[in-house]
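Enquirer: Generate coordinates for the sequence data below:
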Amino acid sequence: MEDIKTIGLTVAELRFALDTFYFLMSGVLVMWMAAGFAMLEAGLVRSKNTTEILTKNVCLYSIACVMFLIVGYNIMYVDNTQGGWLPSMAMLIGEQASDASHALSADFFFQVVFVATAMSIVSGAVAERMKLWAFLLFAVVMTGFIYPVEGYWSWGGGFLAEAGFVDFAGSGIVHLAGAAAALSGVLLLGARKGKYDAKGKVNPIPGSNLPMATLGMFILWMGWFGFNGGSQLMISDTANASAVAKIFVNTNSAAAFGAISAMLVCKLVWKKVDLTMILNGALAGLVAITADPLSPSLMAAGLIGLLAGGVVIFAIIGFDRCQIDDPVGAISVHGVGGLLGLLLVPLSNSEASLLGQMYGAFVIFSWVFGMGLVTWTILNKTMVIRVSEEQEYDGLDVSDCGVSAYPEFVAMTNAR
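Expert: Got it, this is the predicted structure:
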């Protein structure tokens, strides 16, 4: 009898160890997405702003880890008030709960890298004309308060969870939220000099390093297996292992179909193939499938990516026509792609309803956009968030960092 109990305990311990290891490694893959965002953004901005955008990505990740540790995780998960609008006030000030109510360290690690992902979305959209310190101060508020509150409403057991809102890995909670924060900043910030002329004509400002941007996209594609696959939480039994396998295949298919869709749309519209649009098409497919990578069939997942990859191109064009300047297309990819993914969930998941998905998307966007606009406005009143025209012309590498990413080409960089 004792031997049977011992074997039972050993199996349970092995399963726990396997699940924890899988959870941690999934978090590592998501953390590696920070490198993907850094490379993608560095490749799509002009060379004179490369060091600054890389600095932003390193610092925002660090700020996210610190703020989520100090207060954000407590707001989002620990000892909260089930089904409500706000967590308990004790958690808002970061008061520690009893040992029994603490989640595993693995859970914290997995969740904190999601926070950093949401903030990384903002980085690319406001690139090339925002002051570094204004951005970093916003990151403190976004990762410490704005994101954890809306995350609590869904994943922490708040009112959106009670209302039946379904978002498996964060098309809305992470990606739409990041896009909403980015949009609020971009509207207040304005467009880069020379992006639009007096008649509203769009003047393309090409990125400096497309090989780097392509590498960034592939890093993100790889990291997304942790993003979506890790959200299954377990892998130590047949059902969960099969679910993870399906999530991986669906995630990969959505990205591939998204890239092909963007390529075909580009060829039909412009008679040429635009690499930057293909990169964003793949990412849009990934964002859209994130809402529910498990329920759709393998072909349905591909069709979700196909739709997202095409839609994102028209979204980028539409924002440009509205003179909303987004250097990397982040608002289109993560905002429009995230919303599309949420609205498609009811087609394959009977637990979701279109009304519930629309409600959740509206609440998340309204909260993050509203709080983002308030935060950006306060920062703008106190320190001015936009660099001077001279600093923008010279490049933020000079004004914010004092170091050029390509020192051999300083003269060429400043002339752009």
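
Enquirer: Can you tell me which helices and strands the longest helix seen in the chain packs against?
Expert: Ordering each helix of the chain by length in residues (DSSP state H) puts helix 2-44 first. Using 3 or more C-beta pairs under 8 Å, 6 or more residues apart in numbering; DSSP states H and E, the elements in contact with helix 2-44 are helix 50-67, helix 105-125, helix 210-229. Where C-beta positions appear, they are placed from N, C-alpha and C, glycine not excepted.

Enquirer: so how far is that helix from its chain's centroid?
Expert: What separates the centre of helix 2-44 from the centre of its chain is 20 Å, taken as C-alpha atoms, centre = their mean, to the nearest Å.

Enquirer: Please apply the same query to stretch 248-255.
Expert: Distance, stretch centre to chain centre, for stretch 248-255: 17 Å (C-alpha atoms, centre = their mean).

Enquirer: For that stretch, which outside residues touch it?
Expert: Applying C-beta atoms under 8 Å, 6 or more residues apart in numbering, the contact partners of stretch 248-255 are 221, 224-225, 228-229, 282-283, 285-286, 288-290, 293-294, 296, 298, 301-302, 304-305, 308.

Enquirer: quick one, what contacts residue 170?
Expert: 114, 117, 227, 231, 290.

Enquirer: Neighbour-wise, which one of those leads?
Expert: residue 290 (28 neighbours; other C-beta atoms under 10 Å).

Enquirer: CA-only coordinates of stretch 255-263, as PDB, when you get a sec.
Expert: Extracted in PDB, the C-alpha atoms of stretch 255-263 (Å, rounded to 0.1, in the frame of the first residue of the first chain):
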ATOM      1  CA  ALA A 255       1.000  33.200 -39.600                       C
ATOM      2  CA  ALA A 256       1.800  31.400 -42.900                       C
ATOM      3  CA  PHE A 257      -1.600  32.100 -44.400                       C
ATOM      4  CA  GLY A 258      -1.400  35.700 -43.200                       C
ATOM      5  CA  ALA A 259       2.000  36.300 -45.000                       C
ATOM      6  CA  ILE A 260       0.700  34.700 -48.200                       C
ATOM      7  CA  SER A 261      -2.500  36.800 -48.000                       C
ATOM      8  CA  ALA A 262      -0.600  40.000 -47.600                       C
ATOM      9  CA  MET A 263       1.700  39.100 -50.500                       C
END
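
Enquirer: shift numbering so it begins at 694
Expert: Fine by me, first position is 694 from now on; the one you just mentioned is stretch 948-956.

Enquirer: For it, the averaged confidence score.
Expert: Mean pLDDT, computed over stretch 948-956, is 98.

Enquirer: what's near enough to touch residue 814?
Expert: Residues counted as contacts of residue 814 (C-beta under 8 Å, 6+ apart) are 730, 868, 871, 872, 874, 875, 1023, 1027.

Enquirer: Then residue 750?
Expert: Counting by C-beta under 8 Å, 6+ apart, residue 750 touches 727, 730, 731, 734, 813, 816.

Enquirer: So the residue lying closest to residue 1058 once chain neighbours are set aside: helix, strand or coil?
Expert: Setting aside the residues directly before and after it, residue 1058 is nearest to residue 873 in space (C-beta to C-beta, 6 or more residues apart in numbering), at 4.8 Å. Under the three-state scheme (DSSP: H, G, I helix; E, B strand; the rest coil), residue 873 adopts helix.

Enquirer: And residue 873, how close does it get to residue 867?
Expert: Using C-beta to C-beta, to the nearest Å, residue 873 is found at 11 Å from residue 867.

Enquirer: Between those two, tell me which one has more neighbours.
Expert: Between residue 873 and residue 867, residue 873 has the larger neighbour count (other C-beta under 10 Å), namely 31 against 28.

Enquirer: returning to what we had before: and the helices and strands packed on helix 695-737 as CSV, adding mean pLDDT and distance to residue 957?
Expert: What follows is the helices and strands packed on helix 695-737, written out as CSV (pLDDT from 0 to 100; distance: least, C-beta to C-beta, whole Å):
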stretch, mean pLDDT, distance to residue 957
helix 743-760, 97, 30
helix 798-818, 95, 25
helix 903-922, 98, 18
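
Enquirer: and which of the contacts of residue 863 is nearest residue 906?
Expert: Closest approach to residue 906 among these (C-beta to C-beta): residue 810, at 17.7 Å.

Enquirer: quick one: which of the contacts of stretch 941-948 sit in strands?
Expert: Using DSSP state E, the subset of these located in strands is empty.

Enquirer: Is there a quick ChimeraX command that grabs whichever of those residues are buried?
Expert: Restricted to buried positions by 16 or more other C-beta atoms under 10 Å, the ChimeraX selection for those reads:
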select :914,917,918,921,922,975,976,978,979,981,982,983,986,987,989,994,995,997,998,1001
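
Enquirer: What about the contacts of stretch 941-948, which are in helices?
Expert: If you go by DSSP H, those have 914, 917-918, 921-922, 975-976, 978-979, 981-982, 991, 994-995, 997-998, 1001 in helices.
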